[in-house]
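**Student:** Here is a sequence together with a model predicted from it:
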Amino acid sequence: MQFSELELIEPLLRALQSEGYTHPTPIQQQAIPVILQQKDLLGCAQTGTGKTAAFALPILQLLHQQPSKSGARNPIRALILTPTRELAIQIGESFTTYGRHINLRHTVIFGGVSSYQQITTLRKGIDILIATPGRLLDLMNQGVINLQHIEFFVLDEADRMLDMGFIHDIKKVIARIPVKRQTLFFSATMPTEIAKLANSILSNPVRVEVTPVSSTAEKVTQGVYMVAKPDKPKLLTYLLGEHAINGVLVFSRTKHGADKLVKILQRSNISADAIHGNKAQNARQKALKNFKSGDIRVLVATDIAARGIDIDDLAYVINFDLPNEPETYVHRIGRTGRAGASGIAWSFCDPDERLYLRDINKLTSQNIPVINDHPFALAGSLAIVPPESKVAPSKPKAQKQGGWNRRRR
């Protein structure tokens, strides 16, 4: 199937052609016709499946074809709510790309930066607002933003919203937008609380589900290194040199761990930077920009900060710390091997993380190959992945998040 078969208007097809996009992804094939029919949609799709275009393209088309009937001056007609600054910026860039030949205005607002410029842009009038919950509520409470004329509401990465403690903020926003609207709800997973929220805000939705969370990209070569915890930094340094890797996204479980690893790499003359919730917005954007441009070889990220990172042709992902939730592993390695490209995902597993590895193998219905050809390989029983048992792995204590930082990521 091609985009031209999805009944998209010529200005959108021209923008897609300029980007070299001809064939829609499965989520785009299924979602775009439903949205164009102005039906509510419940989309279960993980990062990297093309869901931003799946809702951006039809929203741009419907807004273009149907002028506002509210009578208000410069009403905000579409609201996209997303959990992190990085993802909000990425979505804003997508609207710029796809809507370049359509006369619609959009802006992105998020916390961690001055609100002055955001307020100035909002007062000039926009059609589409992409926002994180904390800053959105702040500006609503200041009377800067009026959501009474919203026609399209998109809740993106709903499961991550729940993880970050935004569920009450979401409910506050929903209470202040029109009941009569088209709602598009996207989540990579569907825990009970997210399912309840979806049921409460959607009206007879069409369910679209692609790439189940238990599946990993087919073209991603996976491997696990059994290694003692103190030897993990040495192993990372060794692999970066042995394989001459120029760009790798490394996942750390904690913010402190990410910063510590960057310092270790820099002492070994390996250019690196970290991206996590304690970093200022300009520092996070600078680190991401430097990584994309190749000015740094290694970007160390925590899971929350990594949501929304979209890097073309990322060849390597390394799990420096194995995640304690197996679904997170799937999200992490999905950063590579996108759009049919190949990729490599390596994981470091110390003895205390072996049960996490067992759960990942169980979820993905595979046994990730153990790589023993390295100087820091564990010997004997310490290198054996335990069989499935009823003993659940102990989870690390959750990091304390201050309310201000948490609500304005």
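**Tutor:** Yep, that arrived. Quantities reported herein were computed from a predicted structural model and do not represent experimental measurements.

**Student:** got the domain boundaries for this protein?
**Tutor:** Using automatic domain parsing, the domains assigned to the chain come out as 3-209, 220-383.

**Student:** Give me the phi and psi angles of the nearest residue to residue 311 once chain neighbours are set aside.
**Tutor:** Spatially, and ignoring its direct neighbours in sequence, residue 311 is nearest to residue 292 (6.1 Å; C-beta to C-beta, 6 or more residues apart in numbering). From N, CA and C alone the C-beta is placed, and that goes for glycine too. Per-residue torsions, residue 292: phi -60, psi -30 (degrees, to the nearest 10).

**Student:** Residue 292 contacts residue 313, doesn't it?
**Tutor:** No. Using C-beta atoms under 8 Å, residue 292 is not in contact with residue 313, being 9.9 Å away.

**Student:** More neighbours: which of the two?
**Tutor:** Shown here are residue 292 and residue 313; by other C-beta atoms under 10 Å, residue 292 has more neighbours (17 against 11).

**Student:** How many residues are close by residue 179?
**Tutor:** By other C-beta under 10 Å, the residues close to residue 179 number 7.

**Student:** Got phi/psi on it?
**Tutor:** Backbone torsions of residue 179, given as degrees, to the nearest 10, read phi -70, psi -40.

**Student:** Contacts only, for it.
**Tutor:** Neighbouring residues of residue 179 by C-beta atoms under 8 Å, 6 or more residues apart in numbering: there are none.

**Student:** I'd like the domains of the chain laid out as TSV, including mean pLDDT.
**Tutor:** Formatted as TSV, those follow (pLDDT from 0 to 100):
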stretch	mean pLDDT
domain 3-209	91
domain 220-383	86
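
**Student:** picking that back up, and the gap between the residue nearest to residue 311 and residue 349?
**Tutor:** Separation of residue 292 from residue 349 (C-beta to C-beta, to the nearest Å) stands at 29 Å.

**Student:** Which pLDDT value goes with residue 387?
**Tutor:** At residue 387, the pLDDT value in this model is 67.

**Student:** Over to the one 5 residues further on?
**Tutor:** Residue 392 is assigned 41 on the pLDDT scale.

**Student:** Would you confirm that residue 73 contacts residue 123?
**Tutor:** No. In terms of C-beta under 8 Å, residue 73 does not count as a neighbour of residue 123; the distance is 11.2 Å.

**Student:** list residues touching both of those two?
**Tutor:** Residues touching both residue 73 and residue 123 by C-beta under 8 Å, 6+ apart: none at all.

**Student:** between those two, which one's more packed in?
**Tutor:** Each of residue 73 and residue 123 has its neighbours counted (other C-beta under 10 Å); residue 123 has more, 10 against 7.

**Student:** that's a helix at that one, yeah?
**Tutor:** Yes. Counting by DSSP: H, G, I helix; E, B strand; the rest coil, residue 123 is located in a helix.

**Student:** Check the burial of residue 263 by counting its neighbours.
**Tutor:** By other C-beta under 10 Å, 11 other residues sit near residue 263.

**Student:** should've said residue 314
**Tutor:** 21.

**Student:** which SS state does it fall under?
**Tutor:** The local conformation at residue 314, judged by three-state DSSP, is coil.

**Student:** what does residue 225 give?
**Tutor:** Per three-state DSSP, residue 225 ends up strand.

**Student:** For it, which residues are in contact?
**Tutor:** 235, 346-349, 370-371, 374, 376-377.

**Student:** change it to 10 Å
**Tutor:** Counting by C-beta atoms under 10 Å, 6 or more residues apart in numbering, residue 225 makes contact with 231-232, 235-236, 238-239, 318-319, 346-350, 370-374, 376-378, 383.

**Student:** Looking at those, which are in helices?
**Tutor:** Under the assignment DSSP state H, the contacts of residue 225 contribute 232, 235-236, 238-239 to helices.

**Student:** got a winner among these for most neighbours?
**Tutor:** Scoring these on neighbours with other C-beta under 10 Å, the highest-scoring entry is residue 236 at 27 neighbours.

**Student:** how about that one, what does it touch?
**Tutor:** 225, 227, 245, 248, 250, 261, 264-265, 268, 270, 272, 298, 300, 318, 320, 346, 348.

**Student:** at 8 Å what do you get?
**Tutor:** Residues in contact with residue 236, defined by C-beta under 8 Å, 6+ apart, are 250, 261, 265, 318, 320, 348.
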